[in-house]
Each structure stands twice: as structure tokens, then as C-alpha cells.
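In: Let me see the structure of the following:
(one chain, ligands or ions: 1)
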Amino acid sequence: MSSKIETLSGYFHDYQKSIVNPHRFWSRIAENSHWREKWTKVVEHDFKKLSIKWFIDGKLNITENIFEKNLFIFGDKPAIIWEANDPNEKGVTLSYRELFIEVCKFSNVLLKHGIKKGDRVILYMPMIPEAAIAMLACARIGAVHSIVFAGFSAQSLAERINDCDAKMVLTSDGNYRGAKVIPVKDVVDEALKQCSSVNKVIVVKRTKTEVTMKAHQDLWWHEEISEVSDVNIAETMDSEDLLFILYTSGSTGKPKGVVHTTGGYMVYTKYTFENVFQYSQGDVYWCTADIGWITGHSYIIYGPLLAGATTLMFEGIPTYPDAGRFWEIVDKYKVNQFYTAPTAIRALQTHGIEPVLKHSLASLKVLGSVGEPINEEAWHWYHDHIGKGRCPIVDTWWQTETGGIMLSPIAGVTPTKPAYATLPMPGILPVILDNDGVELIGNSVEGNLCIQFPWPSMIRTIYGDHKRCFETYFSQFPGYYFSGDGVKRDEDGYYRILGRVDDVINVSGHRLGTAEVENAINEHPLVVESAVVGFAHDIKGQGIYAYVICDMTNRSEASLNLEIREMVSNMIGPLAKPDIIQFVPDLPKTRSGKIMRRILRKIAENDTSNLGDTSTLLNPEVVDAIIKSVNKK
Ligand code: WTA
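Out: Numbers count the residues shown, from 1 in each chain. The predicted model follows:
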């Protein structure tokens, strides 16, 4: 059975079927994949005890569904087209057959070094084909990959390695990012000083940066791969065996290891990829995300490769060597579907349309947006100048925890509306609850976005902390998955995401917990206390505004500012550096000692006309003092 939605009535029809009988609906879709043993039951769930299982007792290997199943049909078709950071460096194209051989070889390397089913392997790698090969090799032997975005600090990397007790780290000597070379192996060396579980590090030679190779621990990828067989039989995985862990920030505490399992994730990412982007065989699809984020997992690697698509992987950044780089690549490879983040669109928008007009962009059929709300101005620019008014924009709302796209137009099928993620995917039951947990029925309502019924690729647990998973997503509104986002359902029943309702900020499409940034700021020896909030930023979507109480004796604001920013960069990574640091004498607090972020958010947004009731504060006078110090600046 084809599961492709082709018309709006087809969508409505499938949506109804998926709601009336989800077991039957998902069963039919899952039958398109290859299972070594078929499931005995489609889904079993209990959101109150937090137990979610899909395709129960099903046995499979996700890479067998990418390779063995596809080779007869797509063997010589390009699987990955890789474009280097430097436009003058020749790219690499790997057909499904060639990629398969590399994955088998690297699977054998992992096995040779004692990595077994269930072991955790950390990837701290640039966007190079070896990163895709490593992910798939882990999946093939049943090891659990956990990719850490290569812009995170040694400290953040070490925390993640320790949290999941990883046995191996895969990295490169260096990482090209525009005109810069980042010595990533050094970061790994630094991190490993704090980790005892890792016994092997495999290093890809990419930038020829000089590195120290530790005896009995560090190995070169190219040497290892040259010594193994290219035959590998995929491990048999249970549908609910772990596929990967991906760390993401929440409103409290340290980043959480979101766990995804094998069968449901496979079924859902393939289904949503094929439908949302309306991929047709022969198309070239390009998602500009980094594999360190969920978008890279689901829609550069797994979804497209399961669908037998050609997926483009780009090592560089949108503005190197100039702001026309994305469009040059679109023309070079005749890209048909292009998927990026609003922050990239807004950043390119500031360069005007000149760099766009140098390229034809005639191959484009579908444009996608992900990671943060897309403002109407950026939506129109994308639609008019990149899509030339003829490409539908799929504004896809989803999360690390959801594994796949939840709300989105189906390209060319669902009529779009600027800044709206429009309608749910089949199988997804969004509900809007008010703060008391009462469901808001009907249209023209606004509230907390929750999901009522499980879907195949949803989070199963937080690695090592099932209780935290329950508390974070399933306790606030019992019986529902709570996304942490606010949403509006308009008069047409279309959904528009309003942004986070918790203490998570979204900076250039990257999630950060305010507590995480505060903890890093508080590491500075002169900092007494801090409070971090987001504020509207023209390019990044949200910027980071830090209110800091600091012992300023004999110190200048400017030097402390620099030191604190450096501190945050070292503790988390450059992406978490505050945009604005405001030194304040005190922070507004409730009588129970809680920081009133609502007030701080308003001051950061320069919206001080209506701060609400401040009389219940422990220290109402501090609000005026803060406003005065802002005005002074
Ligand atoms: C936000 C990225 C508005 C949202 C796939 C969510 C969006 C968080 C959209 C998840 C969108 C993602 N419109 N907001 N189309 N897509 N978000 O885990 O706040 O990195 O909760 O997953 O990004 O970010 P994450």
C-alpha cells in the first residue's frame, strides 16, 4: 500500500482513519517496512504510569530497511551528496551501494573494538559523510548513538559522556566552519579528563590539524577502516530497543537524554518525510540542519534514507564564502526540496536579494522551515524570493522529544498561511489546554499545546531518569504529553505556534534552559546571583538577556562582561553567550524567594508600561532600580 497523501481530501480521509482506528492505520504504514518478525500488537500506552510501546514484539534492523531492502531498487542511486565547507573542494557522492559498504566496514570496526548491542557511542563530529556512516553503523550493530553538536564545550561534552556512560567517542582532528578551523579533537581530549567510561576514540582526518594521539586509546578512522571486512550482518533489534539518545535542554537542571527506540521512530520518520516534503524518486532533498540536532537525525539521515531519497549534507555555513552559498548549492545540485531554519532565512535576508538573484533556483519545488516560529516577514521573503511564489512552504512544528514532524502542511496539498504550522499529521491528536488543564474546544482559542494519543516516534524516557521524563512531560496535564509550547488555533482550525511557555529559550533555533545559562554565569567567582530571560531578537528569534548581581569592587563592567561571556562559552558553548548582560543591585523576588521572571522579561523587551502588580514582591523597589539602570545605558 502506498502511504502517500496526494490531495487535500486524501489528507482528511487519512487523518480520520488514523484517529478512528490508529492501530489499523499505523499497522498498514508499518507494513511498508521490512520486519524480521512482525509485531503482535501495534501500540500499548499509559501516560499516567508512563509506558509507551509501539509495534510490540516486532524485530527489525533500521539499516536493513535503508540498505538491503532498497539496494535492488536504488543500489546505484546517490544516497548522500556531500558538499564541503570550501566551495573549491570537490564534494563526495555516495550511492546506496557505496554507503552500505562503508557502513558495513565501520560496523566491523565498532565490533572489533568491543562495542556491543546496547553500548553507548558518542559522536562529536563535523558534517562529513563519516558522521552519517558512524550513526548508521551504530544502528546496524545495535549500539546507541548519542550525537553531541560539535559546537558544545568540553564541559558539556563530558557531562553527556558521563550521563550515558559512553564507551567510545568518534570525532575528527578539526572542523571547518566558514573561514575558521575548530580543533575538535582537543575539546574531546579536554572532556575525557573528566570521564572514565571511554576506552577508545576514533578520529577522522579532516583538517590535518595537529592532534595528540594517545596510545592504546586514540585510533585513526582511515587506518581502522582499511583493515576490516565489508560484510556485516545487521543485528536483530526489538522494536523497543534503543536507537539513540539525544540531549536537549529543559526548563530545569542539566540537559536531558531523550531516548528514541527503533521500530516506531523508523515508521514515523519515513512516513512524515515522504508526505510532508512530497519527495518523488529522482529528487534531490537538502536539509541544512546539523546532525547534532534532532532535525539532522530525522530529516537528513533516517527519514530520507529510509525513503530511498538523495539527501544532501553540507559541511559549511550559509555565509561562507558569501551570503549566496545556499543558493549556489541549490543550483549546483538542482535541489528540489530545501529545509532550513527561520534564523538562517532572517540572517540571509539582511544581505538583501542581490546574492539570491545571482542564482536561478528553478529546481526548487518545496521549501521547509523548522526549529522556531517563522515570523511573517521572513515567511514572505522566503516565499517570494527563494520560492519565487511557486513553492509551498512547509512550516513544520516538532521537537527532539516528538522524534518527527507533528504539525505541518503537506507540501502542495494543504493550503498554507504565513507563520502557521497549519494542521496535524495523520495520527497526531493535538489538544489545547488552559493553565488549569481544561481543554479548550473549538476554534479561535489559545493555550498550552498537548498531545492526547501516542505516536510512533515519541520519547520513551529520559536516559537513566524515567521519573524526570514523567514529571517533565506527563505530570502537568495528567493523561497528556505536554510540549512546553503555547499555541493558537484560529478560526480555520489552523495551528500557530506562539513559542515556549516555560523557561526554555530558543536562540537561533537552539534550545537553551535559562537555568543552564544561569548556572554557567554563577560559576564566575564575583557573581552573586543571576537571572536569564529571552527577548525578541531580529535574527536569532530570541536573544539571551542576563541580569547579574556582581561584586563590582575595583572592576569595570566591560571586563566583567567579557569574562562572564567567556565563562558561559567555556561551560556550555558559544551559542549560549548572553547578548546583553545587565548588572543589577538585586533581583525582583516573591516572598517565597522565587525570581519574578515575568517582570524581567518585560524589562528585557522594553515593555515597562504595564508590569502588573509588583506590590507582592519582597523587594518592589528593585524594579525601579533595574529600569533606571537600563535607561542609563
Ligand atoms: C520550537 C526542533 C514554531 C518549539 C525540531 C519547540 C517551533 C522547539 C517550530 C523544539 C515551528 C520547532 N514553529 N516553533 N515550526 N519547530 N519549534 O527540540 O518551541 O530543537 O518546542 O526540535 O522548537 O526544539 P528542538
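In: how far away is the residue of the stretch 451-600 of the chain found nearest the ligand from Asp503?
Out: Per CB to the nearest ligand atom, Ile497 is where the stretch 451-600 of the chain lies closest to the ligand, at 3.5 Å. Every residue, glycine included, has its C-beta placed from N, CA and C. Distance, Ile497 to Asp503, using CB to CB, to the nearest Å: 17 Å.
In: Arg565 now?
Out: 21 Å.
In: same question, Ala158
Out: Distance from Ala158 to Asp503, by CB to CB: 24 Å.
In: ok, now which ones touch Gln194?
Out: Shown in contact with Gln194 (CB atoms under 8 Å, 6 or more residues apart in numbering): 158, 162.
In: How about the contacts made by Ala323?
Out: When contacts are taken as CB under 8 Å, 6+ apart, Ala323 is in contact with 348, 351, 355.
In: In the sheet, which strands lie alongside the helix or strand hosting Thr171, parallel or antiparallel?
Out: Counting by DSSP states H and E, the element that carries Thr171 is strand 168-172. Note on strand 168-172: by DSSP bridges, its sheet partners are strand 120-124 (parallel), strand 200-204 (parallel).
In: Give me the helices and strands touching the following helix or strand past it, please.
Out: Sequence-wise, the next helix or strand downstream of strand 168-172 (DSSP H and E) is strand 175-177. When contacts are defined as 3 or more CB pairs under 8 Å, 6 or more residues apart in numbering; DSSP states H and E, strand 175-177 packs onto strand 180-182.
In: Give me the next element, helix or strand, following the strand it packs on.
Out: Assigned by DSSP H and E, the successor of strand 180-182 is helix 184-192.
In: What are the buried residues along that next one?
Out: Buried residues in helix 184-192, counting neighbours by 16 or more other CB atoms under 10 Å, are found at 184-189, 191-192.
In: Among those, which one sits closest to Leu305?
Out: Distance to Leu305 across the buried residues of helix 184-192 (CB to CB) is lowest for Val184, with 24.9 Å.
In: so the closest one touches Gly174, yeah?
Out: Yes. Between Val184 and Gly174 there is a contact under CB atoms under 8 Å: 6.1 Å.
In: residues from the protein in reach of the ligand?
Out: Counting by CB under 6 Å from any ligand atom, the positions of the chain adjacent to the ligand are 248, 293-295, 369-373, 395-400, 421, 483-485, 497, 500, 506, 511.
In: Pro183 reaches Thr209, doesn't it?
Out: Yes. Pro183 lies in contact with Thr209 (CB under 8 Å); the separation is 5.4 Å.
In: Give me the common contacts of the two.
Out: Contact criterion CB under 8 Å, 6+ apart; residues shared by Pro183 and Thr209: 173-174.
In: Buried members of the contacts of Ala323 into PyMOL, please.
Out: In PyMOL syntax, the buried subset of the contacts of Ala323 is picked out as below (16+ other CB under 10 Å):
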select buried, resi 348+355
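In: among the contacts of Ala323, which are in strands?
Out: Among the contacts of Ala323, no member falls in strands (DSSP state E).
In: Pipe the contacts of Ala323 into a markdown table and attach pLDDT per row.
Out: Converted to a markdown table, the contacts of Ala323 look like this (pLDDT from 0 to 100):
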| residue | pLDDT |
| --- | --- |
| Leu348 | 96 |
| His351 | 96 |
| Pro355 | 97 |
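In: Name the nearest of the contacts of Ala323 relative to the ligand.
Out: Of all the contacts of Ala323, the ligand sits closest to Leu348, with 17.9 Å by CB to the nearest ligand atom.
In: what's near enough to touch the closest one?
Out: Going by CB under 8 Å, 6+ apart, Leu348 touches 318-319, 323, 326, 355-356.
In: what's the most distant pair in those residues?
Out: For those, and using CB to CB, no pair is farther apart than Thr319 and Val356, which are 13.2 Å apart.
In: Look through the chain and tell me its longest helix.
Out: If you go by DSSP state H, the chain has its longest helix at helix 96-112.
In: Just the buried residues of it, please?
Out: Judged by neighbour count (16+ other CB under 10 Å), helix 96-112 contains these buried residues: 96, 98-111.
In: quick one on the thing from earlier: next one: the residue of the stretch 451-600 of the chain closest to the ligand from Gly371, what distance?
Out: Using CB to CB, Ile497 is found at 11 Å from Gly371.
In: Pick out whichever of those two has more residues nearby.
Out: Gly371 (24 against 20; other CB atoms under 10 Å).
In: Setting aside sequence neighbours, what's the nearest residue to the more buried one?
Out: Gly509 (3.2 Å; CB to CB, 6 or more residues apart in numbering).
In: what about that neighbour, how many neighbours?
Out: Look at Gly509: counted by other CB under 10 Å, it has 21 neighbours.
In: Touching, it and Arg346? I think so.
Out: No. The criterion here is CB under 8 Å, and Gly509 misses it with Arg346 at 10.6 Å.
In: who's in contact with the nearest residue to Lys417 once chain neighbours are set aside?
Out: Setting aside the residues directly before and after it, Lys417 is nearest to Tyr494 in space (CB to CB, 6+ apart), at 5.8 Å. Taking CB under 8 Å, 6+ apart, we find Tyr494 in contact with 417, 420, 422-423.
In: How about Phe338?
Out: 286, 288, 326, 330, 364, 366-368, 386.
In: Show me where the stretch 151-300 of the chain has its helices.
Out: Here the stretch 151-300 of the chain has its helices, by DSSP state H, counting those that start in this stretch, at 154-164, 184-192, 221-225, 262-276, 294-296.
In: Out of the helices and strands in this structure, which is least certain?
Out: Using mean pLDDT, DSSP states H and E, the weakest-scoring helix or strand in the chain turns out to be helix 621-632, at a mean of 83.
In: packing partners for that helix?
Out: So helix 621-632, by 3+ CB pairs under 8 Å, 6+ apart, packs with strand 580-583, helix 597-604.
In: In terms of mean pLDDT, which of the ones you listed ranks lowest?
Out: Of all the helices and strands packed on helix 621-632, the minimum mean pLDDT falls on helix 597-604 (a mean of 92).
In: Pull out the buried positions in that helix.
Out: Those would be 597, 599-600, 602-604, for helix 597-604 by 16+ other CB under 10 Å.
In: Specify the beta-bridge partners of Val487.
Out: Beta-bridge pairing for Val487 (DSSP bridges): Gly447, Ile497.
In: hang on, it packs against Ile432?
Out: Yes. At 6.1 Å, Val487 counts as touching Ile432 under the criterion of CB under 8 Å.
In: the more surrounded of these two?
Out: Taking other CB under 10 Å, Val487 and Ile432 do not tie; Val487 has more neighbours (23 against 20).
In: residue contacts, the nearest residue to Ser51 once chain neighbours are set aside?
Out: Spatial nearest neighbour of Ser51, excluding adjacent residues (CB to CB, 6+ apart): His45 at 6.7 Å. Counting by CB under 8 Å, 6+ apart, His45 makes contact with 51-53, 454.
In: pLDDT below threshold where in the stretch 451-600 of the chain?
Out: Regions of the stretch 451-600 of the chain meeting the criterion pLDDT under 70 are absent.
In: The same query, at a cut-off of 90, please.
Out: For the stretch 451-600 of the chain, the stretches with pLDDT under 90 are 552-554, 590-594, 596, 598.
In: Please, where are all the strands along it?
Out: Counting by DSSP state E, counting those that start in this stretch, the stretch 451-600 of the chain has strands at residues 461-462, 481-489, 495-500, 504-507, 510-513, 527-537, 541-550, 580-583.
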